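Visitor: Here is the input, now give the coordinates:
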Amino acid sequence: MITSQVLSRQALIWLCISQVLVVLPHLERLPLWLGGLLLIAIFYRLNMFRARLGLVNRPVRLALMCLVFGGVAASYQTLIGLEPMVALLVGGAALKILESFKTRDGYLLASLAFFVCVTNFLFDQGLPLVIYSTVTLSVLVVSLIALNQIPGSVITRAEFFLAGKLLLLALPMMVALFLLFPRIEPLWSIPSKSGQGVTGMSDRIRLGDVSRLSRSADVAFRAQFVGAIPPQHELYWRGVVIDRYEDGLWDRSATRGEPGVGRDDMIAASENKPISYRVMLQPTMQPWLYALPVAQSTSSGVVETANFTLQSARKVENQFGYDVTSWSDIPRDLSLSPEDYQRATHLPEDSNPRTRAWVESLLKEFPTRPALIQAVLGHFRDQPFYYTLSPAPLPDKHELDHFLFETRRGFCEHYASAFVSMMRMAGIPARIVAGYQGGEFNSLNNGVTVRQLDAHAWAEVWLPEGGWRRVDPTAAVAPERISLGLEWVLSGESDFLADSPLSLYRFRHFALIDWLRFRYDAVAYQWQSAVVGFTDARQIDLLKSWFGEIKVGWFTALLLGSWMIVLAPLTWVMNRARASVHLPEEMRFLQAAAPLMKRGFDRHFGESPTVFLRRVKAHGGSPDRDIQRLAEAVDSLYRSTS
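Guide: Numbers count the residues shown, from 1 in each chain. Predicted structure coming up:
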């Protein structure tokens, strides 16, 4: 094997470091055995370099490849999807390390690392990953520099400065592509990510489903308001309307449709000033969006439903931004169709006999709907009911009877479910709404950060004189939950934030921690809104504000012209730096060394003349004394000018 083609130890080490760095963010979604395979491959290859272990022959490599395919298929039960595809890519890169011996193998390994680094953004576009990936890219560029160095050279700070310089030189082109390159829908379909959404908010509720979200301090979404932020007790972020009950499970009906007739007229007649804000939603793997009532949105990809909720045209697999305008005083559905009325009052007749009997007795004492509602809320308020994350388990049958008359301990979904069931027993249309309540105010950007622990369920009842009205029985049991936030009520329970042991939110009462958190939240929102949320619609609006009407030919010329404007200064800078490379002494040396190069002794990039001649001698060449003197003169000149 020719020495110039051998992968140097220095380059191999930096390539292995790069592989580890690009795979680390994937470990939370990839099987752990893939990380172990990568480490084993690196360990084996480094020991091959030291001649402690032998080469891995082709049959063994083929067997390992089959094992990777089989392992990925067994781990995901399929080979179709983003996670399996990324897992196969990572497994292939690990096996490639075992057969990387030449410089061209190093280039292929670096290319794979760049590609794996990019795949991280298929799952997360958050600011921490961007910072981490920038560091990773710097190391990858250093590995490319190591591939082009003289064998035996050592990576120093100069190489890291060079890597940073190269990344900075690429920054103008990146900005030009980001702003001007058209965001065209692909001609193919990428399989969706698997698994549950980060929020865990489902369109089905069993008792205990919402309480588990309070174990996490992860961000669900951020909202930035135009004007004053509504008070805490008015921040009810509606997400899913759940109106069907069967076998202890609440879920939503399949109706979607358009908002009720006459809503636009009611909006025009509204006396209150609308609330305008922009929401940046974290990936949920669900289509529903969150907004204050009653919400309208003109953002691309947002659909308004018959239940006055917002939905995305597709599942939210990445961070998603949308603008909302809300009117809190607008009645909803002043009339119900017979089908809607029947669905909103349906409840199995053979369930919870004690509760039914109690509701019937209440109806005799409080025959009107408003009076009955207040009586039930007063019962929750006056009797020893408790708001807790760890309620006693309920039986599968007559669970409402056990909750109301025996345990009396529950979370928001317990009280919402009990209230809606009692209203339906009384013939009053009622339903559950799942979403979030409250949030953490941030004065730095006039925003609200809503976390998983703010997940909440409440009730809506239908009254002939006012349509659907919000009723939150949790406010009767634990009013501090609504006015101050969940942490003021449950911070002493062991399950609170149990899934977020390292979250800075745990230390929110420390001034320095809060100073850092609020500033990070403000920066994170700007990143999500300005960069991640820079959709095709926002791109077109921006270009129209700059240049007016956009035509295809004109836009193509603008795109190509911007590249020329960016690349021309870079080309001039690079050529200017290269102009002084070939000094007169070096030109004479290159002319004298031309016969050696014709015989196959190529000079490596960056290789000094004396090192080049030493390598020529080692491979049977015989340079004369004149060329040796020229080589020493050039090296002496380099040392004096460095």
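
Visitor: helices or strands next to the longest helix along the chain in the packing?
Guide: Secondary structure of the chain read by DSSP state H shows that its longest helix is helix 552-578. Contacts defined by 3 or more CB pairs under 8 Å, 6 or more residues apart in numbering; DSSP states H and E place helix 552-578 against helix 157-180, helix 536-547. For every residue, glycine as well, the C-beta is placed using N, CA and C.

Visitor: contact partners of the helix or strand following the longest one?
Guide: Tracing the chain past helix 157-180, the next element assigned as helix or strand by DSSP states H and E is strand 204-205. Around strand 204-205, the neighbours that count as contacts under CB atoms under 8 Å, 6 or more residues apart in numbering are I242, L249, W250, D251, R252, E413, S417, I432, A434, A457.

Visitor: taking those residues one by one, which sit in helices?
Guide: Reading helices off the contacts of strand 204-205 with DSSP H, I get E413, S417.

Visitor: for the contacts of strand 204-205, which one is nearest G533?
Guide: A434 (24.7 Å; CB to CB).

Visitor: Correct me if wrong: that closest one contacts V210.
Guide: Yes: using CB atoms under 8 Å, A434 is in contact with V210, at 7.0 Å.

Visitor: between the two, who's got more neighbours?
Guide: Remark: of A434 and V210, A434 carries more neighbours, 27 against 22, as counted by other CB atoms under 10 Å.

Visitor: Let me see the contact set for that one.
Guide: Neighbouring residues of A434 by CB under 8 Å, 6+ apart: M201, S202, D203, I205, V210, G239, V240, I242, A455, H456, A457.

Visitor: Reformat those as a markdown table; add distance to F441.
Guide: Converted to a markdown table, the contacts of A434 look like this (distance: CB to CB, whole Å):
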| residue | distance to F441 |
| --- | --- |
| M201 | 22 |
| S202 | 28 |
| D203 | 29 |
| I205 | 28 |
| V210 | 23 |
| G239 | 20 |
| V240 | 25 |
| I242 | 28 |
| A455 | 18 |
| H456 | 17 |
| A457 | 23 |
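
Visitor: Drop anything exposed from the contacts of strand 204-205.
Guide: For these, a burial check counting by 16 or more other CB atoms under 10 Å picks out I242, W250, D251, R252, E413, S417, I432, A434, A457.

Visitor: Looking at the backbone only, give me phi and psi for L347.
Guide: Main-chain torsions, L347, degrees, to the nearest 10: phi -160, psi 140.

Visitor: neighbours around it, how many?
Guide: With other CB under 10 Å as criterion, L347 counts 17.

Visitor: Cross-check the contact I'm expecting between it and Y245.
Guide: Yes: contact criterion CB under 8 Å: L347 and Y245 qualify, at 6.1 Å.

Visitor: Find the residues that touch each one of those two.
Guide: By CB under 8 Å, 6+ apart, L347 and Y245 have these common neighbours: S421.

Visitor: Find the centremost residue of the protein, please.
Guide: D124 (3.1 Å; CA atoms, centre = their mean).

Visitor: residues in contact with E487?
Guide: Here E487 is in contact with L453, F496, R508 (criterion: CB under 8 Å, 6+ apart).

Visitor: For these, pick the one with the most neighbours.
Guide: Tallying neighbours with other CB under 10 Å puts L453 at the head of the contacts of E487, with 25 neighbours.

Visitor: If we ignore the residues flanking it in sequence, what's nearest that one?
Guide: In this structure, L453 finds its nearest non-sequential neighbour in S214, 4.6 Å apart by CB to CB, 6 or more residues apart in numbering.

Visitor: Phi first, then psi, for the one you found.
Guide: Backbone geometry at S214, expressed as degrees, to the nearest 10, gives phi -70, psi -10.

Visitor: Now do it against A220, distance only.
Guide: 12 Å (CB to CB, to the nearest Å).

Visitor: again with W237
Guide: W237 sits 9 Å away from A220, going by CB to CB.

Visitor: what's S300 sitting at in phi/psi?
Guide: phi -60, psi 140.

Visitor: For N318, see how far away it is.
Guide: 14 Å.

Visitor: List of residues touching stretch 470-484?
Guide: Applying CB under 8 Å, 6+ apart, the contact partners of stretch 470-484 are 232-233, 236, 293, 373, 376-378, 380-381, 385-387, 412, 415-416, 418-419, 433, 437-438, 456, 458-461, 488-489.

Visitor: So what touches stretch 26-41?
Guide: With CB under 8 Å, 6+ apart, stretch 26-41 has contacts from 19-20, 23, 68, 71-72, 75, 83, 86-87, 90-91, 93-95, 97-98, 116, 119-120, 123.
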